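Colleague: Quick one, what's the 3D model for this:
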Amino acid sequence: MCEVGPVPQDVRIIHLSGPVFAALARGDLAAANALSPVPLTEYLAGPEPRRVWELRAEQVAADPASAAWVTGIIWDERRGLAVGRAGYHGPPDAAGMVEIGYTVEPVHRRQGYARAALAALLARAAREPDVRTARVTISPDNGPSRQLAAWFGFVEVGEQWDEEDGLEIIYELPATEVTDRSVPS
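Modeller: Residues are numbered from 1 along each chain as shown. All right, here's what the predicted structure looks like:
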């Protein structure tokens, strides 16, 4: 069983709207910031996350309710700073699976933000009645993310080829094996 440790009260996932996704997909930081509930960074409007924002803009345009599930901003409340992006790839599928994705801006890595974001997403998955399984897919050469997944109790269940990211190892964790006693509702 995975015990979700204390999530810092000052780190949370901020959901975005379709228009913010669309602005970020265009790389238009000024327009994104005019619509976003929190200030965004140049990195978030840069080329690296652009494809994710394009996918989320299309997804939310087709299904507005998915905005409450998909990629949001990892927000450090204490510092008033966006430090990365995290969320699910979408609402639970027919089998009750949600896939989690997260990326911390390079300047903010190794400071606990990925752990805090993953803990928050797992805690939500554990509370959602339609979620049975949480999944992460990680490149074989991403040691820190693989260690983080193992720390939370994810188990390797296979591999896949992603057209954009190449080979990925698939890890899953049953939602019933996540406890969120230390995470406030």
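Colleague: Residue 131 touches residue 125, doesn't it?
Modeller: Yes - in this structure, residue 131 is within contact of residue 125 by CB atoms under 8 Å, at 4.5 Å. All C-beta spots, glycine's among them, are computed from the backbone N, C-alpha and C.
Colleague: Common neighbours of the two, please.
Modeller: By CB atoms under 8 Å, 6 or more residues apart in numbering, residue 131 and residue 125 have these common neighbours: 98, 175.
Colleague: My guess is residue 136 contacts residue 149. True?
Modeller: Yes - using CB under 8 Å, residue 136 is in contact with residue 149, at 5.4 Å.
Colleague: For residue 131 and residue 125, work out which one has more neighbours and name it.
Modeller: With other CB atoms under 10 Å as the criterion, residue 131 and residue 125 differ in neighbour count, and residue 125 comes out ahead with 25 against 22.
Colleague: did I read that right, the more buried one in a helix?
Modeller: Yes - counting by DSSP: H, G, I helix; E, B strand; the rest coil, residue 125 is part of a helix.
Colleague: residues making contact with stretch 73-81?
Modeller: In this structure, residues lying in contact with stretch 73-81 by CB under 8 Å, 6+ apart are 9-14, 16, 36, 38-41, 44, 82-86, 102, 104, 113, 116-117.
Colleague: So which of those are in helices?
Modeller: Using DSSP state H to define helices, the subset of the contacts of stretch 73-81 located there is 113, 116-117.
Colleague: Name the residues contacting each of residue 136 and residue 149.
Modeller: Shared contacts of residue 136 and residue 149, defined by CB under 8 Å, 6+ apart, are found at residue 171.
Colleague: Could you give me the PyMOL syntax to select whichever of the contacts of stretch 73-81 are buried?
Modeller: In PyMOL syntax, the buried subset of the contacts of stretch 73-81 is picked out as below (16 or more other CB atoms under 10 Å):
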select buried, resi 11+12+13+14+16+36+38+40+41+44+82+83+84+85+86+102+104+113+116+117
